[in-house]
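1. got a sequence here, can you model it:
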Amino acid sequence: MIDALFGSKTRVKLLHLFLNHPGQSFYVREITRIIDEQINSVRRELANMLEVGVITSDSADNKLYYQVNQRYDYYTALRAIFANEPINSTKPALTSDEAVSEQYTTTIAAIPALRLAVLSGVLVKGSTSDVDILLVGSLPAAKVKAAVALIEKNEGRELNYSVMPYEDFYYRLSVRDKFITEILASKHNVAIDKDNVLSQK
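-> Model prediction:
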């Protein structure tokens, strides 16, 4: 039984709820009504799931809300189990950061006027950055969204990405802006650098 595999019936119900509603938040009493379990049991399992990182929490209107952590290492595998979402079997096995960069460069390069693209976060093993993709240039929003959506589909999760004009990026790089510095200080891959601005650093 899957209950035995994952520890408890309550935990299984919680995983099923969260993994079938990525991006949606629930508060405790709402959760107890939906999964029909005792509130103490729900609170105990929520605490356990928070500790391992499979869910996140945030407070609003004096309530604590919970949702699945799409940046969790085993998010895609859990979605395959609890949300019946097949793992993309056509996705090539990636054995290095360079392979990750190579896989997505073609998709990103299709964005007109793109001058710089940096991959980090969940797209680069060992990265601690909160930003997964940094795109620099005067870029059409629709093209950016389309490219990111393709990568998100392949990854099976939402990505955090940032877009900024080249002049803004270059200035923030030159003054060692915290946002830029944190991305570049973490493990990352420079997918595109048409002006060789990062190779000079």
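2. number of nearby residues for the closest residue to residue 195 other than its chain neighbours?
-> Counting by Cβ to Cβ, 6 or more residues apart in numbering, residue 115 is the residue found nearest to residue 195 once chain neighbours are left out, at 5.9 Å. Quick note: C-beta positions are derived from backbone N, CA and C, even for glycine. Residue 115 has 18 neighbouring residues, counting by other Cβ atoms under 10 Å.
3. can you offset everything so residue one is 35?
-> Fine by me, first position is 35 from now on; the one you just mentioned is residue 149.
4. where does this protein dip in pLDDT?
-> Counting by pLDDT under 70, the ranges of the chain that qualify are 35-39, 119-135, 234-235.
5. and residue 40, how far from residue 53?
-> Residue 40 is 12 Å from residue 53, where distance means Cβ to Cβ, to the nearest Å.
6. equivalent analysis for residue 145, please.
-> Counting by Cβ to Cβ - residue 145 and residue 53 are separated by 31 Å.
7. with residue 139 instead?
-> For residue 139 relative to residue 53 (Cβ to Cβ), the value is 30 Å.
8. the residue lying closest to residue 172 once chain neighbours are set aside - how many residues pack around it?
-> Spatial nearest neighbour of residue 172, excluding adjacent residues (Cβ to Cβ, 6+ apart): residue 147 at 5.1 Å. Residues within reach of residue 147, counting by other Cβ under 10 Å, total 12.
9. hmm, residue 171 and residue 147 touching each other?
-> Yes - here residue 147 reaches residue 171: they are 4.7 Å apart, a contact under Cβ atoms under 8 Å.
10. now for the residue of the chain most remote from its centre: which residues touch it?
-> Farthest-out residue of the chain from its mean C-alpha position, per Cα atoms, centre = their mean: residue 72, at 31.4 Å. Neighbouring residues of residue 72 by Cβ atoms under 8 Å, 6 or more residues apart in numbering: residue 66.
11. same deal with residue 106?
-> The contact partners of residue 106, by Cβ under 8 Å, 6+ apart, come to 87-88, 112.
12. show me where the protein has strands.
-> Ranges of strands within the chain are 60-61, 89-94, 97-102, 150-153, 167-170, 195-198, 223-227, based on DSSP state E.
13. okay, now the residue nearest to residue 82 when sequence neighbours are not counted: neighbour count?
-> Of all residues not flanking residue 82 in the chain, residue 45 sits nearest, at 7.3 Å (Cβ to Cβ, 6+ apart). Number of residues near residue 45 (other Cβ under 10 Å) recorded here: 21.
14. wait, what's in contact with residue 45?
-> For residue 45, the contact set (Cβ under 8 Å, 6+ apart) comprises 79, 82-83.
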